[in-house]
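Chemist: Quick check, what structure comes out for this input:
(one chain, ligands or ions: 2)
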Amino acid sequence: MVLSMEKMCVLGAGSWGSALALSLAKKGYEVSMWTLNEAQAEKVNRTKENTDYLPGVLFPNNITITTDMEEAILNSKIIVLAVPSQAIRSVCSQIKPFVKDEQILVDVAKGLEKGTGLRLSEVCKEELPNNPYVALSGPSHAEEVAKDIPTTVVVASEDIEVTQIVQDIFMSPKLRVYTNPDIVGVELGGALKNIIAFGAGVCDGLGYGDNTKAALMTRGIREISRLGIAMGADVSTFSGLSGIGDLIVTCTSMHSRNRRAGILIGQGKSLEETLAEVKMVVEGITATEVAYEVAKELNIDMPITNAIYSVLYKGLKPNDVVIDLMMRNKTHEIEEVVNDKLGL
Ligand SMILES: NC(=O)C1=CN([C@@H]2O[C@H](COP(=O)(O)OP(=O)(O)OC[C@H]3O[C@@H](n4cnc5c(N)ncnc54)[C@H](O)[C@@H]3O)[C@@H](O)[C@H]2O)C=CC1
Ligand SMILES: O=C(CO)COP(=O)(O)O
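Modeler: Ligands and ions are numbered 1, 2, ... in the order given. From the prediction side, this is the model:
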């Protein structure tokens with residue numbers, strides 16, 4: 001329990017921002033949320049419920065929501081960035097005039113920037129080079145966190161002291177927080193698992209079974225690791241919460257927006273119809289495009305990502321793409337081990 005009413009701020013009042021605001025409020029912090037949407041701010045302050053994003057969950061009085069960014073971040077110890085990944089740069093740029101150097105940015109969005117392929121920590125560093133930065137990731141659907149279902153996440157930063165400050169701020173009997181110094185791996189695990197979760201949904205939509213999903217998850221973490229290593233991550237991070245942990249939850253949960261979108265595509269809906277039905281952000285769609293480009297540039301083999309790219313951006317049919325995946329050149333399960341044994 002917190003002794004004084006320290007202030008924390010959450011930028012973005014979607015499902016994840018709301019669930020994290022709730023977690024912080026339950027620890028006794030004063031939480032100020034910011035949203036672009038006037039009508040949403042008015043309704044949430046009046047009804048204490050964020051009906052469009054987290055229905056059925058009541059906000060306590062120590063959460064307020066405003067459309068005034070300056071007011072939201074004033075005197076806040078941390079600034080949680082809880083908008084979709086493609087909005088992170090513009091939000092960082094908007095807070096520039098009034099953010100203080102000591103305020104800690106905690107990014108909870110999972111993605112890579114379209115057009116640059118940058119990780120979100122790199123985007124934030126370009127916009128706000130003086131602020132400490134922490135990435136928070138791991139298997140954590142907002143709907144469950146909001147209901148106090150025991151959940152674990154991981155926080156990563158280049159600065160261990162700052163990482164531990166953020167660990168202490170979020171840690172509770174319902175939300176256990178680990179630290180990891182490998183920020184590259186933590187960010188990439190969270191961004192790239194969305195592609196595989198979308199694919200798992202497509203397989204569900206096609207009516208495939210558990211075998212297919214296990215295959216996707218296992219081969220998926222292999223290709224995430226391959227790209228991750230090429231981008232400077234520590235391979236062990238991918239067997240942690242932000243890697244296999246988040247991959248498992250997103251590929252199997254009905255809460256997952258990426259999986260739900262994939263199901264609709266697998267059932268034959270168009271991308272437009274799918275996005276209209278899911279409503280909330282589906283990060284895997286942009287992540288597929290960005291990862292496809294980055295992997296091509298780094299010459300990394302990512303067959304599942306390529307297959308999903310073909311469905312999303314080249315109009316190929318999911319059935320045909322699965323056959324292509326199954327019938328592509330035969331290979332060893334773990335190339336690196338075999339090459340090592342053969343001295344290649
Ligand atoms: N929902 C979840 O359970 C989890 C989500 N995340 C990640 O958190 C991020 C946010 O996800 P959700 O809260 O689920 O999304 P959401 O779709 O529920 O909410 C997004 C919020 O951002 C606002 N927004 C959209 N574009 C904006 C812009 N350009 N400028 C300012 N605000 C903008 C929307 O109005 C909305 O309030 C995503 O990167 C997601 O992958 C991570 C862990 C769990
Ligand atoms: O990252 C998440 C859970 O850890 C949320 O995933 P979805 O965006 O697929 O719902």
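Chemist: Show me what from the stretch 101-250 of the chain comes close to ligand 2.
Modeler: 110, 139, 140, 141, 194, 197, 246, 249, 250 (Cβ under 6 Å from any ligand atom). The way it works is simple: take the backbone N, C-alpha and C, and place the C-beta from them, glycine included.
Chemist: Kindly report the residues of the chain close to ligand 1.
Modeler: Counting by Cβ under 6 Å from any ligand atom, the residues of the chain close to ligand 1 are 12-17, 35-37, 53, 82-85, 87, 90-91, 108-111, 140-142, 280-281, 283.
Chemist: Among those, which lie within helices?
Modeler: Among those, the ones falling in helices (DSSP state H) are 15, 16, 17, 90, 91, 142, 283.
Chemist: Quickly check the residues you listed for the two that are furthest apart.
Modeler: 90 and 142 (22.2 Å; Cβ to Cβ).
Chemist: quick one, which of those two is more surrounded?
Modeler: Set side by side, residue 90 and residue 142 show more neighbours around residue 142, with 22 against 10, by other Cβ atoms under 10 Å.
Chemist: Identify the residue nearest the geometric centre of the protein.
Modeler: Centroid-nearest residue in the chain, with Cα atoms, centre = their mean: residue 110, separated by 2.7 Å.
Chemist: I'd say residue 48 and residue 59 touch.
Modeler: Yes. Contact between residue 48 and residue 59 holds when scored by Cβ atoms under 8 Å: they sit 4.6 Å apart.
Chemist: more crowded one of those two?
Modeler: residue 59 (22 against 14).
Chemist: Residue 248 reaches residue 139, doesn't it?
Modeler: Yes. With contact defined as Cβ under 8 Å, residue 248 reaches residue 139; the gap is 6.6 Å.
Chemist: and the residues of the stretch 101-250 of the chain next to ligand 2 as JSON lines, adding pLDDT and distance to residue 96?
Modeler: Shown next, in JSON lines, are these (pLDDT from 0 to 100; distance: Cβ to Cβ, whole Å):
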{"residue": "110", "pLDDT": "98", "distance to residue 96": "23"}
{"residue": "139", "pLDDT": "98", "distance to residue 96": "33"}
{"residue": "140", "pLDDT": "98", "distance to residue 96": "29"}
{"residue": "141", "pLDDT": "98", "distance to residue 96": "32"}
{"residue": "194", "pLDDT": "98", "distance to residue 96": "28"}
{"residue": "197", "pLDDT": "98", "distance to residue 96": "33"}
{"residue": "246", "pLDDT": "98", "distance to residue 96": "30"}
{"residue": "249", "pLDDT": "98", "distance to residue 96": "34"}
{"residue": "250", "pLDDT": "98", "distance to residue 96": "33"}
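Chemist: and which of those residues is nearest to residue 300?
Modeler: residue 194 (17.5 Å).
Chemist: Next, the contact list for the closest one, please.
Modeler: 110, 111, 250, 258, 282, 283, 284, 287 (Cβ atoms under 8 Å, 6 or more residues apart in numbering).
Chemist: Which pair of the residues you listed spans the longest distance?
Modeler: 111 and 250 (13.2 Å).
Chemist: Sounds good, over and out.
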